[in-house]
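Chemist: Return atomic coordinates for the entry below.
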Amino acid sequence: GRGRSYSKGVLVVHSLQQWRKPALILAILTVLGVLLTHWFAWPLTWPLELRLPVDVEVYWQGAREFWLADDLYDIRYDTTFDNLPFTYPPFGALVFTPLWWIHDLFGLLVTERVFALITLLTTYAVAVFLLRLAGVRDRVWEFVAFAALLVSAPVYFTLNIGQINVVLMALTLFDVALPRSTRHSGVLKYVPLGVLTGIAAAIKLTPLVFGLYFLILWVVTKSPRGLFGMIGGFLGASGLAIIFRPSISIQYFTDVLFTAERIGDLHFARNVSIRAVLERLPELGSAASIMWLVAVALVIIAVAVAAYRILRTDLSAHNRLLAVSLVSLVALLCSPVSWYHHWVWLGPLIVALWLTQHRWLALWGAFAVTFGSFHNFLPSENNVELTWPWWMHVLAAHYLIFSAVVTAVFSCGKMPQKTELSH
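Modeler: Got it, this is the predicted structure:
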């Protein structure tokens, strides 16, 4: 139960007291390093050049186009280094509207720094949330956890290119994994289960995958309210965008949604998905599409079985965190495009593995999101991915291999007893 989890967390903190000061110093240096590499462009030049994350530039321009024109999805937007399309649903453009206002009032640099601050505060909130699930309430270790999340490759690059991944993850985390006592006593007691996840999906479609989580929760608890809440949140938010710009909304859901190639080359090294692995093997030819569909089906089935077995064992916050983190892998593995910065859910998954006594898997995951993010370092210019040696293909698929092993453990392996899994 919650009391036992809290007591266990206190004992862990006490056992780590001797490491408290070194850990804090290391965390401070880590956060400062992250902030400096975020603020200044790399490689360093003199005079120093400021980094301007490109996605924030697309966000504010997309918001402006949503309100002032009809070609939101028909043009590409000039950024500091490239011109890129706007790929989010219309409600996403609506949410980004304040960025447009800030840009027009204060300029691009202030806009980007405000967005970065939102990402940093959200990351800190996620770190605190995950530690509370472990029963730890300590400001020093909260900051250490914040630094650990920041230095993980998906979160680091989400911050550096100005992506919204951490915010979307936080919406679902707070929606799904809050302890019942916290949810029923705070602001969220007025927000039905599933609604925050539905809103996240209206900003960017990938959180729709958590419909699988709520479907499994329905099977386990015999209550569909989470799934209905998610559908309501998605339709309500999307409906708001339809009210303001019906033509743009119709264009997105009938045309733009089905054009994955708008997002970039599928074989690019930093596209970390099953489809990307297959696209880098041109000798497969037309068989690649069939193999991808089979793999997608297998992933969905395996994750569904794993999540069902976890939730059937116990509905504790630990288990809900583990189940929803596993379900996130469906989108990451099966989407044609899962950029390297999309994998922020590996952080909560690692914590969930540790809390449920799967320590070796958690340590493997921690290595994967730091030194083991090999796809960020492999050659990726001029379609060189199509001629990689076999070992580069393996390294580029590290996240996928880790995800497959974790999914297999919970879908096929022996499940621990209730007291071992949930605490």
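
Chemist: how about the closest residue to residue 338 other than its chain neighbours, what does it touch?
Modeler: Nearest residue to residue 338 in three dimensions, chain neighbours excluded: residue 273, at 4.0 Å (CB to CB, 6 or more residues apart in numbering). C-beta coordinates here come from the backbone N, C-alpha and C atoms, glycine included. By CB atoms under 8 Å, 6 or more residues apart in numbering, the contact list for residue 273 reads 332, 333, 334, 335, 336, 337, 338, 400.

Chemist: Tell me which of those residues fall in helices.
Modeler: 332, 333, 334, 400 (DSSP state H).

Chemist: Tell me if I'm right that the third one and residue 298 touch.
Modeler: Which is residue 334. No - in this structure, residue 334 is not within contact of residue 298 by CB atoms under 8 Å, at 9.8 Å.

Chemist: which of the two has more neighbours?
Modeler: More neighbours surround residue 334 than the other of residue 334 and residue 298, with 21 against 15 (other CB atoms under 10 Å).

Chemist: a strand runs through residue 84, doesn't it?
Modeler: Yes - Residue 84 forms part of a strand when assessed by DSSP: H, G, I helix; E, B strand; the rest coil.

Chemist: and it, how many neighbours?
Modeler: 19.

Chemist: And residue 387, by the same measure?
Modeler: 11.

Chemist: Any regions of the stretch 51-200 of the chain where pLDDT drops low?
Modeler: For the stretch 51-200 of the chain, the stretches with pLDDT under 70 are 51, 180-186.

Chemist: What is the nearest of the contacts of residue 273 to residue 282?
Modeler: Of all the contacts of residue 273, residue 336 has the smallest distance to residue 282: 16.3 Å, by CB to CB.

Chemist: okay, the closest one: pLDDT?
Modeler: Reported pLDDT at residue 336 in the predicted model: 90.

Chemist: Tell me which residues touch it, please.
Modeler: Residue 336 makes contacts with 260, 266, 273, 275, 276, as judged by CB under 8 Å, 6+ apart.

Chemist: Mind pulling the model confidence for the residue nearest to the spatial centre of the chain?
Modeler: In the chain, the C-alpha nearest the mean C-alpha coordinate belongs to residue 344, at 3.7 Å (CA atoms, centre = their mean). Per-residue pLDDT puts residue 344 at 97.

Chemist: The one 4 residues further on too?
Modeler: According to the predicted model, the pLDDT of residue 348 comes to 97.

Chemist: these two touch, right, it and residue 130?
Modeler: Yes - counting by CB under 8 Å, residue 348 does reach residue 130; the two are 6.4 Å apart.

Chemist: hey, what's in contact with both of those two?
Modeler: In contact with both residue 348 and residue 130: residue 321, using CB under 8 Å, 6+ apart.

Chemist: Since that was my last question, I'll sign off now.
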